[in-house]
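*Asks:* structure of the sequence below:
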Amino acid sequence: MRREEIESAVREAAEKYTAAGASAMIRPTSGQVKSKQESLIPAQAKSKQETITPAQQKARRRRQNALLRNVIQVIFFLMMPGAFVAGFSGVKSIFQKVSEGSVLELNSFVMALIGLSLFTIVFGRFFCGFACAFGTFGDFIYWLSGMIQKKLFRRKKQYGLPERLSPWLQKIKFLILALIVLTCATGAYETIGTYNWNPWSVFSFITALRFNLNGYMIGAVILAAIIVGMALKERFFCQFLCPMGAVFALLPQLPFAWLQRDADNCIKNCRACQTCCPVDIRLETDGFRNGECIGCEKCAGVCPKGNLTRWDRTLLKNEMLPVIIRAAILFLMGGYLGLCRFL
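*Replies:* Reported below is the predicted structural model:
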């Protein structure tokens, strides 16, 4: 081969190699191709991918409402643990004065009873559902029981009392209230009280961090039995045994305090609201005018069609703000009446 031909072949090979290297340098990588393709996706398509479904929105609101309720419960448990006992002491004070034939005194206990009763008439049983320390304690025990049954015993459904028994057992608290009123009016309550049987007094000692329960063993045993009931049935004490719950259930409530249900718009055989109701209200027959409703608003959060509303929720177009306003009013009232521990 001649020298010129060799140099020409070498030159052509070098040019081919250089061209191949240049094309390799400018060839986009897979990441660059993907980035270019993503840049071609319209902004509207991206926004659709980022939005959540209506079901996810409802689940998020339900979690937010549950968190708000839990926060309010903890605040009132820490700040106003004695509100329930103060109201009950007001009931005792009134009928003890009746038995003595003396003039009724507007002491701190009677004022607490009047304040809680007026609040219940205007806003429903919000105190029971959000602020009562005994109710919050019962919610915690029931939740803890469910966790233990789920984790240790692998139960998918939490064991508890049959729902059909609730309407009958709910009458017990009215009998307890009548018995307390009768014994107070006849002067026998003081004699019975010497046995220190009162479980809510023991509970008040514990919330006040007084663990010396000498002389209150009967009350402590009764409280232990109530805790067992709380583990088996949501709001066990509130539904079946609470004398203040009986007082609040007997009080009239202003119509705008009730949740309203659009029954015609409900899904047939849904029963989501009744299934989650902690006090087993039968909405088809009882409705929200039933005094047993504790105003926890779980039903409103779980309704798949949002059929449960109240005037303030509709007016403010918000689910959480009305709850915050009611809690603030109750807290301010408790502070004025001297029910707040740190005020």
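*Asks:* measure the closest residue to residue 158 other than its chain neighbours to residue 160 for me?
*Replies:* Closest residue to residue 158 apart from its sequence neighbours, by Cβ to Cβ, 6 or more residues apart in numbering: residue 146 at 4.5 Å. Bear in mind the C-beta positions are built from the backbone N, C-alpha and C, glycine included. In this view, residue 146 and residue 160 are 9 Å apart by Cβ to Cβ, to the nearest Å.
*Asks:* rewinding a little: three-state assignment of the residue nearest to residue 158?
*Replies:* The three-state label for residue 146, taken from DSSP: H, G, I helix; E, B strand; the rest coil, comes out as helix.
*Asks:* show me what the helix or strand encompassing residue 245 packs onto, helices and strands only.
*Replies:* Counting by DSSP states H and E, the element that carries residue 245 is helix 243-250. Counting contacts by 3 or more Cβ pairs under 8 Å, 6 or more residues apart in numbering; DSSP states H and E, the secondary-structure elements packed against helix 243-250 are helix 83-100, helix 108-123, helix 172-186.
*Asks:* tell me which of the ones you listed sits nearest to residue 218.
*Replies:* helix 172-186 (15.9 Å; Cβ to Cβ).
*Asks:* residue nearest the centroid of this structure?
*Replies:* Averaging the C-alpha coordinates of the chain gives a centre point, and the residue nearest to it by Cα atoms, centre = their mean is residue 69 (4.4 Å).
*Asks:* ok, that residue - contacts?
*Replies:* Remark: with contacts taken as Cβ atoms under 8 Å, 6 or more residues apart in numbering, residue 69 is in contact with 129, 130, 296, 297, 323.
*Asks:* would you map the helices across the stretch 201-343 of the chain?
*Replies:* According to DSSP state H, counting those that start in this stretch, the stretch 201-343 of the chain carries its helices in the segments 217-232, 236-240, 243-250, 272-276, 298-302, 311-316, 321-336.
*Asks:* by mean pLDDT, show me the worst of these.
*Replies:* Within the helices of the stretch 201-343 of the chain, confidence is poorest for helix 311-316, with a mean of 78 (mean pLDDT).
*Asks:* and the helices and strands packed on helix 243-250: which comes nearest residue 51?
*Replies:* helix 108-123 (36.0 Å).
*Asks:* check which helices and strands the very next helix or strand once past that closest one is in contact with.
*Replies:* Following the chain from helix 108-123 toward its C-terminal end, the next helix or strand by DSSP H and E is helix 126. With contacts defined as 3+ Cβ pairs under 8 Å, 6+ apart, helix 126 has these neighbours: helix 321-336.
*Asks:* buried ones in the helix it packs on?
*Replies:* Within helix 321-336, the residues that qualify as buried by neighbour count (16 or more other Cβ atoms under 10 Å) are 322, 323, 326, 327, 330, 331, 333, 334.
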